[in-house]
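# would you be able to build a 3D model of this:
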Amino acid sequence: MKHYLEGVSLAALARGNRRMLAPLKSRHADAKAEHAETLAAWKERRAKARAIQDPEQRARALEALKGERPTNPLLVAAGCTVVATVVVGPMLHGHRAALLAGAATLWVLAALILGQTDGDAPAKANATSPQDGAGEPDPDDGEWIQEAPAPEVLWALIRHTASLTKQGTAAHLQAILDEGKKRGEFDGWTVTDLGDELEALGVRVVEGKKLTVGGKDRNRKAVLLTDLPEADPAPVPAIVHSAA
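Residues are numbered from 1 along each chain as shown. Here you go, the predicted model:
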């Protein structure tokens, strides 16, 4: 095994593997959040149906809701995988091992290629003099994100975002990003970036927090106002028209 791995950068392989899986993880997170919202709306309709006084109308309403219950996307993916395995497996006959080995080889090669794209970054950074300003990140390189706002500004944005909800006790991370971007903050940020920043500041992020915004219930990652540190109030940044 060492003979085959000689000269192969395991760090590059791991980095490339993470980059290849990142879109799948992001899609899974989006599908999970969407399923949670749909399921919450379905449960709310079921509760209203159960509250109907007329037994016949209640029975019809509950019967109609049975076919509308959303299916977990993980179950759908698992079912498709099983069906594909059962259907395609017998067609491969004795070529199954060769195809699996070829697919694994292509995956490793692709991961190595993607992982090597960042391999020269430290060398380029060291070769460039910091005095000439060339070491600053380029917004067009796909890796640049805006510097984090000051903590007191972040707390103000979170409290402002929470005030837009019916509950007023928490704020979804995506909503915080949306409000911040209106005010020239969080350029290039994702929900994951904001979650990492909050955890670095010692603030807990909760999963699947139900909040009502504009009459719609959403279950997403959120931060609770009770988890924010005690700090002097800061003004919410003004909306800038030039913000993207």
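# ok, then the element right after the lowest-mean-pLDDT helix or strand in the chain?
Ranked by mean pLDDT, DSSP states H and E, the helix or strand of the chain with the weakest confidence is helix 121-127, at a mean of 42. Per DSSP states H and E, the first helix or strand lying C-terminal to helix 121-127 is helix 151-163.
# distance from the chain centre to that next one, please.
A distance of 21 Å separates the centroid of the chain from that of helix 151-163, by Cα atoms, centre = their mean, to the nearest Å.
# cool, stretch 217-224 as well?
A distance of 13 Å separates the centroid of the chain from that of stretch 217-224, by Cα atoms, centre = their mean.
# same check on stretch 223-230?
Between the centre of stretch 223-230 and the centre of its chain there are 22 Å (Cα atoms, centre = their mean).
# which other residues reach it?
151, 155, 158-159, 162, 169-171, 173, 176, 198, 201-206, 209 (Cβ atoms under 8 Å, 6 or more residues apart in numbering). C-beta coordinates here come from the backbone N, C-alpha and C atoms, glycine included.
# could you redo the last one with a cut-off of 7 Å?
155, 158-159, 162, 169-171, 173, 198, 203-206 (Cβ atoms under 7 Å, 6 or more residues apart in numbering).
# between the residues you listed, which is nearest Ala234?
Trp155 (6.8 Å; Cβ to Cβ).
# and the closest one, how many neighbours?
Trp155: 22 surrounding residues under other Cβ atoms under 10 Å.
# run a quick check on it versus Ala231, I expect a contact.
Yes. Trp155 lies in contact with Ala231 (Cβ atoms under 7 Å); the separation is 5.7 Å.
# count of neighbours near Val236?
Close neighbours of Val236, defined as other Cβ under 10 Å, add up to 16.
# ok so, going back, any chance of the contacts of stretch 223-230 in a markdown table, plus distance to Gln57 and pLDDT?
Compiled in a markdown table, the contacts of stretch 223-230 are given as follows (distance: Cβ to Cβ, whole Å; pLDDT from 0 to 100):
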| residue | distance to Gln57 | pLDDT |
| --- | --- | --- |
| Trp155 | 49 | 93 |
| Ile158 | 44 | 94 |
| Arg159 | 44 | 93 |
| Ala162 | 39 | 94 |
| Thr169 | 36 | 95 |
| Ala170 | 37 | 96 |
| Ala171 | 39 | 96 |
| Leu173 | 41 | 96 |
| Leu198 | 47 | 93 |
| Val203 | 47 | 93 |
| Arg204 | 44 | 93 |
| Val205 | 43 | 94 |
| Val206 | 38 | 94 |
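# drop anything exposed from the residues you listed.
For those, a neighbour count by 16 or more other Cβ atoms under 10 Å gives the buried set as 155, 158-159, 162, 170-171, 173, 198, 203, 205.
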